[in-house]
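>>> got a predicted structure here, sequence first:
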Amino acid sequence: MKFRLFVCDSNASSKLAVHNAKLLMKSLNDDDNSLEIIDVLENPEAAEKARILATPTLIKDEPPPVRMLVGDLSDMARVRAVLQLPTKITEETSR
């Protein structure tokens, strides 16, 4: 799976989203996953191209369909539901 996380590095919710996205990546049982973290202040062109209106925003690009979620990713059950991921939550992601 391929994910992009758009953040504003100085924002507390973006820092939490980075942490939670990394936990999400660890919980996925497939080694063929990638997470690209994009700071919108450093790369505004990428944010504009992806039509990012708020940060943090996580996009699941692959496999289709593309899914987008805005927020700090704290509610892992909601994150998995919106991104259409397996609903099993490991101990590591539920902390």
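It's in.
>>> look up phi and psi at the spatially most central residue of the chain.
By CA atoms, centre = their mean, the chain has its centre lying nearest to residue 58, at 3.4 Å. With angles defined as degrees, to the nearest 10, residue 58 sits at phi -100, psi 130.
>>> ok, so what distance separates it from residue 40?
With distances taken as CB to CB, to the nearest Å, residue 58 is found 13 Å from residue 40. All C-beta spots, glycine's among them, are computed from the backbone N, C-alpha and C.
>>> and if you look at residue 81?
The gap separating residue 81 from residue 40 is 25 Å, by CB to CB.
>>> those two: who's more crowded?
Shown here are residue 81 and residue 40; by other CB atoms under 10 Å, residue 40 has more neighbours (22 against 13).
>>> I figured residue 54 was touching residue 68, is that so?
No. In this structure, residue 54 is not within contact of residue 68 by CB atoms under 8 Å, at 10.4 Å.
>>> of these two, who's got more company?
residue 68 (16 against 11).
>>> pairing partners for the more buried one in the sheet, please.
Partner residues in beta bridges with residue 68, using DSSP bridges, are residue 59.
>>> residues in contact with it?
Applying CB atoms under 8 Å, 6 or more residues apart in numbering to residue 68 gives the contacts 57-60.
>>> can you pick the most crowded of these?
Most surrounded of the contacts of residue 68: other CB under 10 Å gives residue 58, at 25 neighbours.
>>> tell me if I'm right that it and residue 72 touch.
No. Judged on CB under 8 Å, residue 58 makes no contact with residue 72 at a distance of 9.8 Å.
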